[in-house]
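Q: mind folding the following:
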Amino acid sequence: MSIRQHLDISAYLVIGPENCTRPVEEVVAAAVDEGFTCVQIRSKIATAREMIALLEKSARALRQLGKSEDVALLVNDRLDIVLAAREVGIKVDGIHVGQSDIPVGVCRKFLGADSIVGLSARTEELIDYVRSADVSQIDYFGAGPVHRTPTKLDAGKTSDGRFITHGFDEIAQLAKVSPVPVVVGGGVKVNDIPALRATNVAGFFVVSAVTGADNPRLAARQLVAAWKATR
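A: Purely as a prediction, here's the structure:
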């Protein structure tokens, strides 16, 4: 069974070197050990070779924890990085793209039927998107932002420079109409988890709540515990 068939996005970590004060693989290992279920490597500053090295170290961390077949390792945006990493034997499970990135159909063509392809957009855009789009090539949607976040300065920014964040009612609407699972983030903190869980989304994603924490392991543990405690 491929990891795509039992994808778990309930606790989803987005991480890159620009977000960490310690090695990426160290934070990945701590978060996964505390219950995170999906990892996306995202960087706007790392070179291709640096990205491949990050993937190799992160894949090794998952393997050492015995989680390679349970926790998906994804790459943000860079189809070329996924293909190159696989070519040198690194287990990378798929890609996450935005609506202005490489089309999901192209990703699926090159990565194959067993790979994971996620798509992100602002919540209101996804509500419109799912009403008419073919989502058969997409495994999950990433939505938000819940709050303004310094790790993705354009999240929620409109063409006229305004910022729009999304209330839980709107997120619940997306979860209701979406034919694929939805993971929501954008400045999510522990105290957001109960309300987010009540919207019936499949999970939450975080960056700085874990990568910027003084104790990433403790932060990850608290987030996972809050999610599991809320039904």
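Q: after whatever helix or strand Ser58 lives in, next one along is what?
A: Element membership of Ser58 [criterion: DSSP states H and E] is helix 48-64. Using DSSP H and E, the helix or strand that follows helix 48-64 towards the C-terminus is strand 72-76.
Q: before we move on, the earlier item: tell me which other helices or strands the helix holding Ser58 touches.
A: The criterion is 3 or more CB pairs under 8 Å, 6 or more residues apart in numbering; DSSP states H and E, and the helices and strands that helix 48-64 contacts are helix 24-33, strand 38-41, strand 72-76, helix 79-87. For the C-beta atoms, the positions are set from N, CA and C on the backbone; glycine is no exception.
Q: please identify the most buried of the ones you listed.
A: Mean neighbour counts were compared across those using mean count of other CB atoms under 10 Å; the top stretch is strand 38-41, at a mean of 27.
Q: measure Ala226 to Ala220 for me?
A: Between Ala226 and Ala220 the computed distance is 11 Å (CB to CB, to the nearest Å).
Q: out of the two, which sits in the busier spot?
A: Under the neighbour definition other CB atoms under 10 Å, Ala226 and Ala220 were set side by side, and Ala220 has more, 25 against 19.
Q: what angle sits between the helix or strand harbouring that one and helix 24-33?
A: Secondary-structure assignment from DSSP H and E places Ala220 in helix 216-229. Interaxial angle of helix 216-229 relative to helix 24-33 (axes from the mean of the first three to the mean of the last three CA atoms, to 10 degrees): 30 degrees.
Q: contacting residues around Phe205?
A: Contacts for Phe205 were tallied using CB atoms under 8 Å, 6 or more residues apart in numbering; they are 9, 12-14, 40, 142, 144, 183-185, 188.
Q: of the residues you listed, which is the nearest to Ala175?
A: Taking CB to CB as the measure, Val184 is the one of those closest to Ala175, at 8.5 Å.
Q: so the closest one belongs to a strand, correct?
A: Yes. Following the definition DSSP: H, G, I helix; E, B strand; the rest coil, Val184 is counted among the residues of a strand.
Q: buried sites along the helix or strand of the chain with the lowest mean pLDDT?
A: Lowest mean confidence among the helices and strands of the chain (mean pLDDT, DSSP states H and E): helix 123-132, at a mean of 88. By neighbour count with 16 or more other CB atoms under 10 Å, helix 123-132 contains the buried residues 123, 126-127, 129-130.
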